[in-house]
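> Okay, here's the prediction I keep looking at, along with the sequence it came from:
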Amino acid sequence: MAHDSNRPLKIIAGADSFGCSLKDALVAHLRSLNIDVEDLSTDKYYSVAEEIGRRVSSAASAAVETRGLVACGTGTGVAIFANKFPGSYATLCRSVDDAVNTRSINNCNILAVSGNSTSPETAIEILNAWIQTPFKSPCPASGGSDWPPELDSFLSNSLSEMAPIGAAVPRETCAICCLAKHREFTPVEIMPGGVMKIVRESPTSAIVRFKAGSVEPAHHHTFGHDLVVMSGRKRVWNLSKRESFDLESGDFLFTPGGDVHRVKYFEDTEFFIRWDGKWDIFLDEDLETAHKEIEKEH
């Protein structure tokens, strides 16, 4: 059986326990057609589908055209997990028309089938149609005719537009950082070297950054605050309680409302802070005094 590409065809197959029997029947059929098949056997549907999606994605530009075949009870779960990778286009097909449409419209390269609702005989017909149907060919959705020029162009352009979707890009991995994404930092005017992003007000949450060497003069707030250091290193002196705390990435500190505290930053430092109410600040010393007090410790 000829497939719809000039490149040799390889199919990677896998299933969970609910789709295993159907997958085995389709693998046997593919091998009877002398199509190269790699059977990943049976595993949890998300594990096997993820691996097939990853393999099809990474082989997009290979000399051999690599497609996937996945099966589970409904066919839906394996399709969802296989679709997590750029350039992997998995579709659940329950009829020949589904297979022809998705090949023509979506350039589907991973076929998902349902072990609970599709017989082996029907699945083989679906698989044959899926193998034989070229991208943009006449299909039931096009009324069995060639696609009009404007739709043909749209389908062609969709491949380059879809390909980057899901690609790994630099992104914030911390949920706290994501809250502040696209917001502008504003200087903390009375604290040189510090900038802040307010992400919620009253109770107030903020992302705060200070440059290495910066000092926060002794001050207090009306409300207590929770602080989590995201990166960097700092020391906090709670002058009201005559305690000090050295904090680094991952450390947490709660300072009660009204407690006077002074801070020194040893590295560029970023932290998340949450006040129990509206943010305010009251200085209890000037910057020059703060530096002198800190120097006394050395």
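Thanks, I have the structure now.

> Tell me who's in contact with residue 243.
Residues near residue 243 by C-beta atoms under 8 Å, 6 or more residues apart in numbering: residue 237. Every residue, glycine included, has its C-beta placed from N, CA and C.

> Next, find the distance separating residue 284 from residue 223.
According to C-beta to C-beta, to the nearest Å, residue 284 stands 16 Å off from residue 223.

> Compare neighbour counts for the two and give me the winner.
Neighbours were counted for residue 284 and for residue 223 using other C-beta atoms under 10 Å; residue 223 has more, 18 against 15.

> and the gap between that one and residue 281?
Distance, residue 223 to residue 281, using C-beta to C-beta: 11 Å.

> just residue 199 next, same as before
According to C-beta to C-beta, residue 199 and residue 281 sit 17 Å apart.

> Pick out whichever of the two has more residues nearby.
Legend: neighbour count by other C-beta under 10 Å for residue 199 and residue 281, higher for residue 199 (17 against 13).

> Same question for that one, what's its three-state structure.
strand (DSSP: H, G, I helix; E, B strand; the rest coil).

> for residue 154, same thing?
Look at residue 154: counting by three-state DSSP, its state is helix.

> Phi, psi for the closest residue to residue 156 other than its chain neighbours please.
Using C-beta to C-beta, 6 or more residues apart in numbering and skipping the chain neighbours, the partner closest in space to residue 156 is residue 136 (7.2 Å). For residue 136, the backbone dihedrals (degrees, to the nearest 10) come out as phi 70, psi 20.

> just residue 48 next, same as before
Torsion angles at residue 48 (phi, psi; degrees, to the nearest 10) stand at phi -70, psi -40.

> What does the pLDDT read for the closest residue to it other than its chain neighbours?
Nearest in space to residue 48, with sequence neighbours left out and distances taken as C-beta to C-beta, 6+ apart, is residue 14 at 3.5 Å. Confidence at residue 14, expressed as pLDDT, is 94.
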